[in-house]
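**Q** need a structure here:
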Amino acid sequence: MAVDYAVIVVYLAGMLAMGWWGMRRARSKSEFLVAGRRLGPSLYSGTMAAIVLGGASTIGGVGLGYQYGLSGAWMVFTIGLGLLALSVFFSARIARLKVYTVSEMLDLRYGGGRAGVISGVVMWAYTLMLAVTSTIAYATIFDVLFDMNRTVAIVLGGSIVVAYSTLGGMWSITLTDMVQFVVKTIGVLLLLLPIAVVKAGGFGEMKAQLPTAYFDPLGIGGETIFTYVLIYTFGMLIGQDIWQRVFTARSDRTAKWGGTVAGTYCLAYALAGAVIGTAAKVLYPKLGSPDDAFATIVKDELPVGVRGLVLAAALAAVMSTSSGALIACATVANNDIWSRLRGLGEAPAGDHDEVKGNRAFILLMGLAVIATAIAIDNVVEALTVAYNLLVGGLLVPILGGLVWRRGTVHGALASVVAGGLAVIVLMATYGVLANEPVYYGLLASLAAYLAVSLATPATDAAVLAAWRERLAGRSPELASEPVAAPQ
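**A** The predicted structure follows:
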């Protein structure tokens, strides 16, 4: 195990070193929050894939494969489909907006008002819970490595992410995510996948040992697949953590094609996780929990050194999502909530002061994430609450603003309130893990958006004209943005 420990320690030290290096580049608000909007195709694709494929996609994806077979790939598959849809249909327009948050986009589209504030609160809650659930996953990984106490594991893993994120912002996160993407690719796709299949006796032996349902692509159930599409595919379209990565692209072409490559990678990763889980079912048919499949097969079947690298891949998966959610949470808290509460709107401070402010918010939100992660036990319920609020409350006004000219600020506000309240009430009625909250919450949000938008005056023509100019990248407000440097 000494070699495995050395691999992990070197990996963690490297993450901190990149955070320090990123601090030297993050000297303006744009550099700190969106890496100066300068990422080329390679960096953009790798970091986008890294943030969407977190601990749930890696450890959870293998667990679903253990429980359902190949159809267990559907959760991660729908994440890939969402990223593909975002990249092909919306990313170019999003990148041209040159904003920092989803709420700023709503303000531009609808002409300001309370919709942006309320959406900021909902988005903050979503990104906070996403960061919390990612941070909780450190307990599983460090338990396998060091038999470490849950609280100590969460504090250790969370502190490393908070440290490099606070130091260099998006530049540090971009560099660490790219390394994490490479580590995940090697550890999961190139090492764990083939070793697991071979240890299980190959695909022929797997088919002989397991029920036919394990090889049915729809075996997990149509209703479950539909729910995954609603939550994860649509969640990819509107999450601040995802949009903030789109904002880092140096051109709309990079956002479109780089995201398409990342989405395609996600589809392959989904299938790999399901196959690994299916192999684990052959090797360990009576595990206490499906989520133990990843840790068990890594600990028992991989040789020394390789085991350390694959566990580093699991850490990479968790850290990439955790850091992305953390900077998104801090960006929303500072720019969409705190600045508005102070009445600052567009903060008058210089870029350098804004870097200090955003750095302080990352540290503050990071401490809140670690404390909340220690207090919460049920990861699945926490993540479900986050996605239900996001999709039920924000999907309709965001996508409606992008595709329907008649949508109004009053319709957007009504949509956020109706969808959010419906989700909360239905979760209390049916239970957090029920499908009804997101189904009916989304319907309530859509009905409110359409009815109130049609019943209220259309958005001012000047606001729509400025919106179209911004979408086309011709707005004069963009003059302050740094010119993209070649990469």
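**Q** give me the below-cutoff pLDDT ranges for this protein.
**A** 1, 113, 115, 144-145, 343-353, 377-380, 475-487 (pLDDT under 70).
**Q** tell me which residue is most central in it.
**A** residue 52 (4.7 Å; CA atoms, centre = their mean).
**Q** tell me who's in contact with that residue.
**A** Counting by CB atoms under 8 Å, 6 or more residues apart in numbering, residue 52 makes contact with 79, 80, 83, 236, 242, 262, 266, 321. Quick note: C-beta positions are derived from backbone N, CA and C, even for glycine.
**Q** burial of the residue nearest to the second one when sequence neighbours are not counted, as a residue count?
**A** With CB to CB, 6 or more residues apart in numbering as the criterion, residue 80 has its nearest non-adjacent residue at 3.1 Å, and that residue is residue 266. A count of nearby residues for residue 266, using other CB atoms under 10 Å, gives 24.
**Q** touching, residue 266 and residue 78? I think so.
**A** No - under the criterion of CB atoms under 8 Å, residue 266 makes no contact with residue 78, lying 9.5 Å away.
**Q** residue contacts, residue 301?
**A** With contacts defined as CB under 8 Å, 6+ apart, residue 301 is in contact with 195, 196, 199, 283.
**Q** grab the two from these that are most spread out in space.
**A** 195 and 283 (11.1 Å; CB to CB).
**Q** tell me which residue of this protein is furthest from the middle?
**A** Most distant residue from the mean C-alpha position of the chain: residue 208, 37.3 Å away (CA atoms, centre = their mean).
**Q** identify the residues contacting the helix or strand containing that one?
**A** Assigned by DSSP states H and E, residue 208 belongs to helix 202-209. Helix 202-209 has contacts (CB under 8 Å, 6+ apart) with 197, 200, 201, 214, 215, 278, 279, 282.
**Q** which parts of that helix are buried?
**A** Neighbour-count burial for helix 202-209 flags residue 206 (criterion: 16 or more other CB atoms under 10 Å).
**Q** by contact count, what packs against the next helix or strand after it?
**A** Counting by DSSP H and E, the element after helix 202-209 in chain order, helix or strand, is helix 222-228. Where contact means 3 or more CB pairs under 8 Å, 6 or more residues apart in numbering; DSSP states H and E, helix 222-228 is packed against helix 74-85.
**Q** and the helix it packs on, what does it pack against?
**A** So helix 74-85, by 3+ CB pairs under 8 Å, 6+ apart, packs with helix 41-52, helix 61-68, helix 222-228, helix 234-238, helix 252-283.
**Q** mind listing what's buried in the longest one?
**A** Right, the one you point to is helix 252-283. Applying a neighbour-count criterion of 16+ other CB under 10 Å, one finds 252, 254-283 buried in helix 252-283.
**Q** and that helix with helix 202-209, angle?
**A** Interaxial angle, helix 252-283 versus helix 202-209 (axes from the mean of the first three to the mean of the last three CA atoms, to 10 degrees): 50 degrees.
**Q** just checking, which helix or strand succeeds helix 252-283 along the chain?
**A** Using DSSP H and E, the first helix or strand after helix 252-283 is helix 293-301.
**Q** pull the distance from the next helix or strand after that next one to the chain's centre.
**A** The helix or strand immediately downstream of helix 293-301 is helix 306-331, counting by DSSP H and E. Offset of helix 306-331 from its chain centre (CA atoms, centre = their mean, to the nearest Å): 11 Å.
**Q** likewise stretch 329-344?
**A** What separates the centre of stretch 329-344 from the centre of its chain is 21 Å, taken as CA atoms, centre = their mean.
**Q** got the buried residues for it?
**A** Going by neighbour count (16+ other CB under 10 Å), the buried part of stretch 329-344 is 329, 330, 331, 332, 333, 334, 335, 336, 337, 338, 339, 340.
**Q** isn't the second one right next to residue 357, touching?
**A** This means residue 330. No - between residue 330 and residue 357 there is no contact under CB under 8 Å: 9.8 Å.
**Q** next, count neighbours for the nearest residue to residue 369 once chain neighbours are set aside.
**A** Residue nearest to residue 369 in three dimensions, not counting chain neighbours: residue 131, with 4.5 Å by CB to CB, 6+ apart. The criterion is other CB under 10 Å. On that basis, residue 131 has 32 neighbouring residues.
**Q** and residue 131, which helix or strand is it part of?
**A** helix 114-146.
**Q** now the angle from the helix or strand following that helix to helix 41-52?
**A** Stepping forward along the backbone from helix 114-146, the first helix or strand reached (DSSP H and E) is helix 150-184. Using the same axes, to 10 degrees, the inter-axis angle of helix 150-184 relative to helix 41-52 is 150 degrees.
**Q** roughly how far is the helix or strand immediately after helix 150-184 in the chain from the heart of the chain?
**A** Heading C-terminal from helix 150-184, the first helix or strand you meet, by DSSP H and E, is helix 193-199. With CA atoms, centre = their mean as the basis, helix 193-199 stands 29 Å off its chain's centre.
**Q** then stretch 184-196?
**A** Computed by CA atoms, centre = their mean, the chain-centroid distance of stretch 184-196 equals 22 Å.
**Q** what's the end-to-end length of that stretch?
**A** Stretch 184-196 has an end-to-end distance of 16 Å (CA to CA, to the nearest Å).
**Q** which outside residues touch it?
**A** 50, 53, 58, 268-269, 272-273, 275-276, 279-280, 283, 297-298, 301-302, 306, 309-314, 316-317, 320.
**Q** let's see that with 6 Å instead.
**A** Defining contact as CB atoms under 6 Å, 6 or more residues apart in numbering, one finds that stretch 184-196 is touched by 272, 276, 279, 297, 306, 309, 310, 313, 316, 317.
**Q** check those and tell me the two furthest apart.
**A** The span of the contacts of stretch 184-196, defined through CB to CB, is set by 279 and 316 at 21.4 Å.
**Q** still on that earlier bit, residue 435: which of the helices and strands packed on helix 74-85 is closest?
**A** The nearest among the helices and strands packed on helix 74-85, by CB to CB, is helix 222-228 at 5.0 Å.
**Q** can you tell me what sits against the closest one?
**A** So helix 222-228 is contacted by 74, 75, 78, 435 (CB under 6 Å, 6+ apart).
**Q** how does it look with 8 Å?
**A** So helix 222-228 is in contact with 74, 75, 77, 78, 218, 435, 438, going by CB under 8 Å, 6+ apart.
**Q** return the member of the contacts of residue 52 nearest to residue 98.
**A** The closest of those to residue 98 turns out to be residue 242 (CB to CB; 16.8 Å).
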